[in-house]
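> Just to be clear, the model below is a prediction. Sequence and coordinates:
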Amino acid sequence: MRTPSPPSDIIAVFPALAGHERTTTRLHPAPGAPTASESSIGGPLWWPADEPWPHARGRYEIDRSRPAGSRQVQGPPVPLLAGVQLWVRDVPELPHPDGIDLLQILWDSSDEVDAFDSAGFRTAGPDDVFRVVWRRAADVVEVLTDQPRQTEAQFILDTYVPVPCVLNPERVVEYPPSWVLGEEFAAEVDARDKELGTCYGWEHTYADGTKIGGWPADSGVGGPYYEAFRCECGAGLEAFLTLASTEVAHNERTTTTTYYRPAESEPHEECSQPTGLVFGRWTHLQLFYCPASWDHPIQRFEM
Ligand SMILES: [Zn+2]
């Protein structure tokens, strides 16, 4: 699982992109049987046996013993799903607080994970459906062996339940989507793409799929909206982790592509869904962090 090189020298075609290179780490998830001591999506977590497992509020159930109209009652709390576990030794480029060597992310099988907030933009602060946990692995004396799982009756949407995957990190240099450099540049890229029959505005500049850092995923979020990616403290948010609904297959049919499928191909031929996760309309759950302080919340956007 290696990303083919760009078909030509992007900087030669668009000199304005020089200096905007970023290295991202594509995680290339693949179904497998990860253990708690490995990085994974949907695998068991390196979780202390003596620490409570996080739960979301319970599902609403019908209590037939009550009179009609008052039958809806809240059931018991539901354990969050093990979403992502990243050991810093596997992905040293993962932005992380000093002294920390393990990231764990848990979430509920609920569309609140990537739902619109009240401002109409897809983001949310910390809440009971999505939890980011930092750890020092050595602090875990005994690992919880029988880890809580949601039962099928507790699933709201199984598209939020990850297939256990091992990860195959790969470092790739990528460039920003054209709108990041302003409308004028985006228009220039569009014009060149039409002239050359290329896709530099999108597919040939930044890496698709599940990845760390680099440039955030983009499914059409325009330039002015980039200002929305700000922490409450005023600092610009930085790309942290991109969770993708699809990965590029990079099989023999995609040898002419760089980071993304060729525009003329059928998506289903070129993409795979190893994690089984579907965010938004087959888009991405993009996590951002605030570079000013790790005490400021990790934010998430569907994009
Ligand atoms: Zn901040």
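Everything's here; your move.

> longest helix of this protein?
Longest helix of the chain, by residue count under DSSP state H: helix 183-196.

> Other residues contacting that helix?
13-14, 16, 178-179, 198-201, 223 (CB atoms under 8 Å, 6 or more residues apart in numbering). In this view, the C-beta of every residue, glycine as well, is placed from N, C-alpha and C.

> who does the following helix or strand past it touch, helix- and strand-wise?
Downstream of helix 183-196, the next assigned helix or strand under DSSP states H and E is strand 211-213. Counting contacts by 3 or more CB pairs under 8 Å, 6 or more residues apart in numbering; DSSP states H and E, strand 211-213 packs against strand 22-26, strand 238-244.

> what sits against residue 287?
Contacts of residue 287 (CB under 8 Å, 6+ apart): 239-243, 298-300.

> just residue 286 next, same as before
Contacts of residue 286 (CB under 8 Å, 6+ apart): 216-217, 239, 241-243, 300-303.

> how about the host helix or strand of it as CSV, C-alpha atoms only?
Residue 286 is part of strand 284-289, with elements assigned from DSSP H and E. Provided in CSV are the C-alpha atoms of strand 284-289 (Å, rounded to 0.1, in the frame of the first residue of the first chain):
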residue,chain,number,x,y,z
HIS,A,284,-14.4,12.4,6.3
LEU,A,285,-14.5,13.1,10.0
GLN,A,286,-11.7,15.7,10.2
LEU,A,287,-10.2,16.3,13.7
PHE,A,288,-8.3,19.4,14.5
TYR,A,289,-6.2,20.4,17.5
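
> Check which element follows the helix or strand hosting residue 83 along the chain.
Taking DSSP H and E as the definition, one finds residue 83 inside strand 81-87. Where DSSP H and E defines the elements, the next helix or strand beyond strand 81-87 is strand 102-107.

> Buried residues, the following helix or strand past that next one. List them.
Using DSSP H and E, the helix or strand that follows strand 102-107 in sequence is strand 130-135. Neighbour counts over strand 130-135 (16 or more other CB atoms under 10 Å) mark 130-132, 135 as buried.

> Now do strand 130-135 and strand 102-107, the angle between them.
With axes from the mean of the first three to the mean of the last three CA atoms, to 10 degrees applied, the angle from strand 130-135 to strand 102-107 works out at 160 degrees.

> So which elements touch strand 130-135?
Checking 3+ CB pairs under 8 Å, 6+ apart, strand 130-135 ends up next to strand 102-107.

> List the pairing partners of the strand it packs on within its sheet, with orientation.
strand 81-87 (antiparallel), strand 130-135 (antiparallel) (DSSP bridges).

> Tabulate the CA atom coordinates of that strand in CSV.
What follows is strand 102-107 as a C-alpha-only set of coordinates in CSV (Å, rounded to 0.1, in the frame of the first residue of the first chain):
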residue,chain,number,x,y,z
LEU,A,102,-0.7,6.8,23.4
LEU,A,103,-3.8,8.3,21.9
GLN,A,104,-7.2,6.6,22.2
ILE,A,105,-10.4,7.8,20.6
LEU,A,106,-13.8,6.3,21.5
TRP,A,107,-17.2,7.1,20.1
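
> Tell me the residues of the chain that contact the ion?
Within the chain, the positions near the ion by CB under 5 Å from the ion are 231, 233, 235, 290, 292, 296.

> Let me know whether the first one touches residue 295 as I believe.
I take that to be residue 231. No - in this structure residue 231 lies outside contact range of residue 295 using CB atoms under 8 Å: 10.6 Å.
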